[in-house]
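In: Pasting a predicted model and its sequence here:
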Amino acid sequence: MQVFDVHRGSGPIVLGQPHGGTHVPAEITARLNANGKTLKDTDWHINRLYEGLLPDMTVVQSHIHRYVIDCNRDPAGVSLYPGQNTTTLVPLTDFDGQAIWQEGQEPSSDEIEHRRQTYHAPYHAALESELQRVREKHGFAVLFDCHSIRSVIPFLFEGTLPDMNIGTDGGVTCAPDIESITHEFATSSPYSTVLNGRFRGGWTTRHYGRPAAGLHAVQMELAQSTYLTAEAAPWAYDPAKASRLRHWLRDILDAIQDTALELTP
């Protein structure tokens, strides 16, 4: 099984998609419990949602499910959100705090390291390579990290999540103008929006976002209610909802690209 795919474009925007994959090797599937085998914490249909939104975008897409290893977590295992409930580099629970492994089948530290080398490291090597390629071509690169999640998960956050959750780690991971235009276009949409709320950017955004070096990163965490028929199995893609959302995502990406080009000397 191929760990990831790279769809190489000539434009300045790179889409990262670390959580859309559903592949779990058979030997790992056998150790998941019934709850884990549902794979319910997938970023369902995220590649389809963003497909073709801009010409010449680069896409780096993981096929490995986050229960195997989470490609948006610090490889050293450091928590993204200290003091808040979250999942780890190799999750032991789902987003509801429920166990996903059969008793006694949780991965060991040696196994976690093996998975890091086998899945996490190659995905990020590809992402790093594409960002460097794009920056060499344009003088800058913008990573737009694509995520989605159920809108009601009491274990992770109170109430209902806004539709669009923009993360720049408090403005650290991109130029101020890029943060502003992303937020401006999102708030002008019919969708509820928050900037640096519960999801202020995962490890990917924080690791690659170095605006002084011409590398800008923005995370977009979408509530799955914006494009799924229901936030429950079978996690069906709703073409009408998705078409409406895609219009606004296209406008946001266009605005980011235009703003970044204006910033380039």
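Out: Sure, I can see it. Residues are numbered from 1 along each chain as shown.
In: ranges for the helices of the stretch 1-150 of the chain?
Out: 26-29, 46-50, 109-115, 121-138 (DSSP state H, counting those that start in this stretch).
In: Go through the ones you listed and name the closest to residue 237.
Out: helix 46-50 (6.3 Å; CB to CB). Yep, even glycine has a C-beta here, placed from its N, CA and C like the rest.
In: looking only at pLDDT, what's the mean for that closest one?
Out: Helix 46-50 carries an average pLDDT of 98.
In: Listing request: residues of the chain with sub-threshold pLDDT.
Out: 79, 81-83, 85, 265 (pLDDT under 70).
In: Just put the helices of the stretch 1-150 of the chain in TSV and tack on distance to residue 149 and mean neighbour count.
Out: TSV is the format used below for the helices of the stretch 1-150 of the chain (distance: least, CB to CB, whole Å; neighbours: other CB atoms under 10 Å):
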stretch	distance to residue 149	mean neighbour count
helix 26-29	22	12
helix 46-50	11	20
helix 109-115	22	14
helix 121-138	19	18
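In: which residues touch the nearest residue to residue 138 once chain neighbours are set aside?
Out: In space, and not counting its chain neighbours, residue 138 is closest to residue 12: 4.4 Å by CB to CB, 6 or more residues apart in numbering. Residues in contact with residue 12 (CB atoms under 8 Å, 6 or more residues apart in numbering) are 134, 137, 138, 140, 141, 142, 257, 260, 261.
In: Return the distance of the first one relative to residue 47.
Out: The one in question is residue 134. 19 Å (CB to CB, to the nearest Å).
In: Also the last one?
Out: Distance of residue 261 to residue 47, computed by CB to CB: 26 Å.
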